[in-house]
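> Task: produce atomic coordinates for the following.
(chains A and B)
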Amino acid sequence: MRLWHHPAGSVPDGARAGPELSARGLSKRFGSVTACSEVSLDVAAGEIVGLLGQNGAGKTTLMNIIAGVERPDQGSVTLGGVTLPPGHLGAARALGIAMVHQEFSLIDALTVWENVALVRDGRLSRRWTADRIRHLSEAFGLDMSVHLDTPAGQLSAAMRQRVEIVKCLVQEPRLILLDEPTAILSRQEASRLFAILRRLVRDRLASVVVSNHRLAEVLGSTDRIVVLRSGAVVADLRTADATERELAVQMLGSDPPSAATEKADTAVIVGAAGVPAPAPDATGESRAESAPGAGPGPPAGPALEIRALRARGARHSAALDGLSLEVGRGEIVGLVGVEGNGQAELMDILGNRARPSSGSLKVAGRPFRATRGQRLRGIGIVPADRHRHGCVLDMTVAENLALGELRQVSYGYLVSRARMRRRAAALIDEYGISCPDPGVPLRYLSGGHQQRVILARELSRNPAVLVADQPTRGLDVAAVEDVWGRIRDAAGRGTGVLLNSSDLDEVLRLATRVVVIVRGQVAGEVQPGAVNPEALGLLMGGAGAQWAA
Amino acid sequence: MRSQRVSRVILSGALLVVAVTAAFLLSMALIALTGGSAISAASAMLQGSVESTASLMTSLQRATPLLLVAIGTVVAGRAGLINVGQEGQVLVGAVAGTAFGLYVLGSGWPGQVGTLLAAALGGAAWAGIAAVLRTWAQVNETVSTLLLNFVAIQLVYFLVSQRYLLQAPPGSQAISRSLPAPDDLPNFVQGTGYALTSGFIIAVLLALVVAGLLKRSRFGFDLRVLGLNEQSADTFGIRRNRVLITSLMFSGATAGLAGGVLLSVSPGGVTPTFSANYGWDGLLVALVANYQPLTIIPVALGFGIIRAGSDFVVATGVNATIAYVFEGLIALAVLLPAVILRRQVWALRLAGVTEPSAEAPEPAQPAASARPAASSGGSPGVSIPPAAAETSRERPHA
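Here you go, the predicted model:
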């Protein structure tokens, strides 16, 4: 297990002939779905390879096979010349392969140190583990400022991931696989993560494979990029030779939809400063409509009015401390801030999952009745944790489209199957949801189409305000484009949109107004068209409103 | 997709035949080992359960309380509640029905209906304790319903051993006075030497109605949402507590009703062991049927046949415990194919065929597909929450 006792790794530099990891002809089918077909991948020692591909391109399966989670139908994996027994997690781990899964594998009920201790066989010493955690976090500049006796379930997403990384590092791996590690991170957190990975390959000569579907991040953080499409490798090139446009074309298989390129063009490469100006068409159009009373809805009152809202903080984040905010009709208000400044609490309150301790909320001029057992009127919710709060994965697509809208598909007390199907068929058609049949469980749809189902349902209620919380997190480029389009359309029809996103690009592209939240209060407001990145950064860091553009 | 489903059905059918045959042979071997005659036991089994009209009626009679208990168990299970208190609820139902018959109204059809309603109310009230504890104090309903079983036994013991309450004439032990015969349920089928009370018809109709309501009613829809993803209830405006309390109390009501039906099937007064494992076996029926409201009908019939048959086997001199072992083995054999197939489905899900999106962990596995194994011998079921297996994507298959 002690693979990097010496900083340079267990094998001297030049002694390695050939690649560190060599995967040959890996194929894997699940029923009728081909997840990987004849995939080969070489990774040299000290190299960071980015796996790029849309949802369903086979990135996760490929990593699972290498990590021994999945047994391939064909093909073999060798690490440092040793062939791994297929589908043997223990052997892969013993040889020095560690994986950070997209859905974390921390055990909520165990504390931080217990989770870390889990990966070391036979050792359950708090002192030893705490020592290792301190040592590793110092060596790699990992911010582990969390009490080690905190249950993992109480950690923020970013902290969970750091614990996950420490868990990986404790194994002293030769090869680290990270599956979409930045999906839940803000840009700063992502760049910090890549800095750590860079240090790891430089100091320990470990290898890293990281999957991602954000072009800019892959370009800014890797040595080599392998593009997967429909389970096959379609491109393998040095990062220095790659361009965003070329990668987007390879990833999508044709000329990419505008979002892919726009996003790539404007996205900030990790580590570099500068916030892009949004495409003029997007904001120009919606700003015109944000003028008071311009929307087709009744002109009385803003779509959402929040006054002096206070709430006690869940987890370890700041509570809401007298937050006031207004979302006009047809306006898209973007909420930005460093994670843990009250966004989660605000979203919980709007999503009817928590109650404020004081303050008032009005939706379209009517007081927001936060009662249990009542679908809130006039407000559409696209929750961040969509699997938990936004849908029921084991119910059918048709049933999910009817959730909370049962009256519309019922005759009296009985739900009408025919009406439910008709409604589903109409929404599936209107929102371009790809599913073989409305009777299929939602679980079997891809993430992007699951999100479309939620959006379709929420927008079909014609809400005065749509609360979109991380609406494109984890989605592929095409789905992102679609969700953005839907949100803009909704605003165009007069719906006020409150957009909470840790993806600053997304906020700047979509929002007509950007509100910065710091410690549970609105710290300032900027116009996305005229944003000064430095000012925005300072604002988010709590430097005060005088910096706002 | 379709051909896969067909081949799965064929595979599960084949597995079922193999497993049941194996369980049967194993039981016969046990009988032979303990000095009985396997052949005569097997023929007694058939004689007692399906050979004649009379024995078939006995099987249906035995199936009735099982089906009633299972109906409620399915409803609670679909709401995500694991009720394991049926045994106590049956008992309390029987005692409540007896009290009604003795003290309120003792004859005629109003008396019969009243007795059944009182039994259902008794069971519902008993389950209601657990429901209230769950919604007010977040007490896990599995724990509370389980423990209330033991309380129920003591409560009934007390009630039937006090002269001024329900105890039969002096000299008797802890047993209640029995209801007057006219209080029995009317027979639905009446022949020479056999009879089937209308309880069976009530149970089947109730199962059909409940299946329909679960599928089609708004309440049933909300109930299923809650069972599959409790955390989404607030978003969709589902009255969580109302659904939880209603479904758990309904579960108690059908178990109590089973106790009421038992009053006319086994006359002679209520004792603290009156429920005779009907509660546990009814729970088992629901589990074997994987909480499917229509599947419980044939499954309850199957268990009724086994019960009637093994009663008869015992009458031929085979040790009664062997009959219990036989019941348990058959139940395991029926569960086995489903478990094996489920593992395959899980393997597919764990492999991430659907590539779930980034941030959301899989939701907690609903109780509807929980697979507790309960022994029919009367010990509580041990439930193994599959949520752990479901959420951890790095679970090795080896």
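> Provide a list of residues in contact with the residue located most distally from the centre of chain A.
No residue in chain A sits farther from the centre than A:G412, which is 40.6 Å out by C-alpha atoms, centre = their mean. Neighbour list for A:G412: empty [criterion: C-beta atoms under 8 Å, 6 or more residues apart in numbering or on different chains]. (C-beta placed from N, C-alpha, C; glycine too.)
> I'd guessed A:L350 sits against A:P383; true?
No - counting by C-beta atoms under 8 Å, A:L350 sits too far from A:P383 to count as a contact (9.5 Å).
> where does A:G380 land in three-state SS?
Judged by DSSP: H, G, I helix; E, B strand; the rest coil, the three-state class of A:G380 is strand.
> May I have the beta-bridge partners of it?
Per DSSP bridges, residues listed as beta-bridge partners of A:G380: A:L466.
> Could you give the number of residues near it?
22 (other C-beta atoms under 10 Å in any protein chain shown).
> Could you do A:A91 as well?
By the criterion of other C-beta under 10 Å, A:A91 has 16 neighbours.
> that's a helix at it, yeah?
Yes - membership of A:A91 in a helix is supported by three-state DSSP.
> Which residue, other than its chain neighbours, is closest to it?
Excluding the flanking residues, the one nearest A:A91 by C-beta to C-beta, 6 or more residues apart in numbering or on different chains is A:P85, at 5.1 Å.
> and the one you found, that one's in a strand?
No - membership of A:P85 in a strand is not supported by three-state DSSP, which gives coil.
> Return the per-residue confidence for A:I306.
pLDDT for A:I306: 92.
> Skipping adjacent residues, who's closest to it in space?
In this structure, A:I306 finds its nearest non-sequential neighbour in A:L325, 4.4 Å apart by C-beta to C-beta, 6+ apart.
> tell me the phi and psi of that neighbour?
Phi and psi for A:L325, reported as degrees, to the nearest 10, are phi -160, psi 150.
> ok, it to A:S358 distance?
Look at A:L325 and A:S358: by C-beta to C-beta, to the nearest Å, they are 15 Å apart.
> Compare neighbour counts for these two and give me the winner.
More crowded of A:L325 and A:S358, by other C-beta under 10 Å: A:L325, with 20 against 11.
> residues near B:S40, how many?
Residues near B:S40, counting by other C-beta under 10 Å, number 15.
> which residues does it contact?
B:T316.
> now B:I297
B:L67, B:V204, B:A207.
> Which ones, among those residues, also lie beside chain A?
Among these, proximity to chain A is found for none (C-beta under 8 Å from any C-beta of the partner chain).
> Please give the element, helix or strand, for B:W109.
When elements are assigned from DSSP states H and E, B:W109 belongs to helix B:108-137.
> what comes up buried for that helix?
Neighbour counts over helix B:108-137 (16 or more other C-beta atoms under 10 Å in any protein chain shown) mark B:111-112, B:114-135 as buried.
> and if you look at stretch B:265-283?
B:265, B:269-272, B:274-283.
> next one: phi and psi at the residue nearest to A:A91?
Torsion angles at A:P85 (phi, psi; degrees, to the nearest 10) stand at phi -60, psi 130.
> How many residues are close by it?
Quick note: A:P85 (other C-beta under 10 Å) scores 14 neighbours.
> Pull up the distance across stretch A:340-356, start to finish.
17 Å (C-alpha to C-alpha, to the nearest Å).
> That stretch: how far from the chain's middle?
19 Å (C-alpha atoms, centre = their mean, to the nearest Å).
> so does that stretch get close to chain B?
Yes - Stretch A:340-356 lies within reach of chain B by C-beta under 8 Å from any C-beta, at A:G351, A:N352, A:R353.
> my guess is the first one contacts A:P383, does it?
Yes - contact criterion C-beta under 8 Å: A:G351 and A:P383 qualify, at 5.5 Å.
> Which one's more surrounded, these two?
Set side by side, A:G351 and A:P383 show more neighbours around A:P383, with 26 against 21, by other C-beta under 10 Å.
> Can you name the residues that contact the residue nearest to the more buried one when sequence neighbours are not counted?
Excluding the flanking residues, the one nearest A:P383 by C-beta to C-beta, 6+ apart is A:H389, at 3.9 Å. By C-beta under 8 Å, 6+ apart, the contact set of A:H389 is A:G351, A:R353, A:I381, A:P383, B:Q231, B:S232, B:D234, B:T235.
> Between which two of those is the distance greatest?
A:I381 and B:Q231 (13.1 Å; C-beta to C-beta).
> neighbour count winner among the two?
A:I381 (28 against 16).
> quick one: A:G474 from A:L350, how far?
Counting by C-beta to C-beta, the gap from A:G474 to A:L350 is 21 Å.
> neighbour-wise, which of these two wins?
A:L350 (26 against 23).
> Could you report the separation of the closest residue to the more buried one other than its chain neighbours from B:D311?
Nearest residue to A:L350, sequence neighbours excluded (C-beta to C-beta, 6+ apart): A:V467, at 4.8 Å. As for A:V467, its distance to B:D311 is 62 Å (criterion: C-beta to C-beta).
> Would you mind measuring the gap between the ends of stretch B:235-243?
15 Å.
> Contacts for that stretch, please.
Under the criterion C-beta under 8 Å, 6+ apart, residues A:351-353, A:372-376, A:381, A:383, A:389-390, A:403-404, B:79, B:135, B:219, B:222-223, B:225-226, B:230, B:233-234 lie in contact with stretch B:235-243.
> so after the helix ranked longest in chain A, what's the next helix or strand?
As assigned by DSSP state H, the longest helix anywhere in chain A is helix A:187-204. Next in sequence after helix A:187-204, counting helices and strands by DSSP H and E, comes strand A:207-212.
> List of residues touching that following strand?
Contacts to strand A:207-212, defined as C-beta under 8 Å, 6+ apart, come from residues A:20-21, A:41, A:43-53, A:59-60, A:63, A:66, A:174-182, A:197, A:200-201, A:218, A:221-222.
> how does it look with 6 Å?
Identification of contacts with strand A:207-212 by C-beta atoms under 6 Å, 6 or more residues apart in numbering or on different chains yields A:20, A:43, A:45, A:47-51, A:59, A:175-180, A:197, A:201, A:218.
> now do stretch B:327-334
By C-beta under 6 Å, 6+ apart, the residues outside stretch B:327-334 that reach it are B:A19, B:V20, B:A23, B:L26, B:S27, B:L284, B:V288, B:I306, B:S375, B:S376.
> Out of the residues you listed, which comes closest to chain A?
The nearest member of the contacts of stretch B:327-334 to chain A, counting by C-beta to the nearest C-beta, is B:V288 at 20.4 Å.
> Tell me the predicted confidence for the closest one.
You'll see B:V288 listed with a pLDDT of 85.
> Number of residues surrounding it?
B:V288 is flanked by 24 other residues according to other C-beta under 10 Å.
> For B:G237, see how far away it is.
Note on B:V288: its distance to B:G237, by C-beta to C-beta, is 35 Å.
> State the three-state secondary structure for A:R473.
Of the three states, A:R473 takes coil under three-state DSSP.
> Could you do B:L66 as well?
B:L66 ends up helix, using three-state DSSP.
> could you list every residue that touches it?
Contacts of B:L66 by C-beta under 6 Å, 6+ apart are B:D281, B:G282, B:V285, B:A300, B:F303.
> returning to that earlier point: do I have it right that the residue nearest to A:A91 meets A:A94?
No - counting by C-beta atoms under 6 Å, A:P85 sits too far from A:A94 to count as a contact (10.6 Å).
> A strand includes A:C36, no?
Yes - per three-state DSSP, A:C36 lies within a strand segment.
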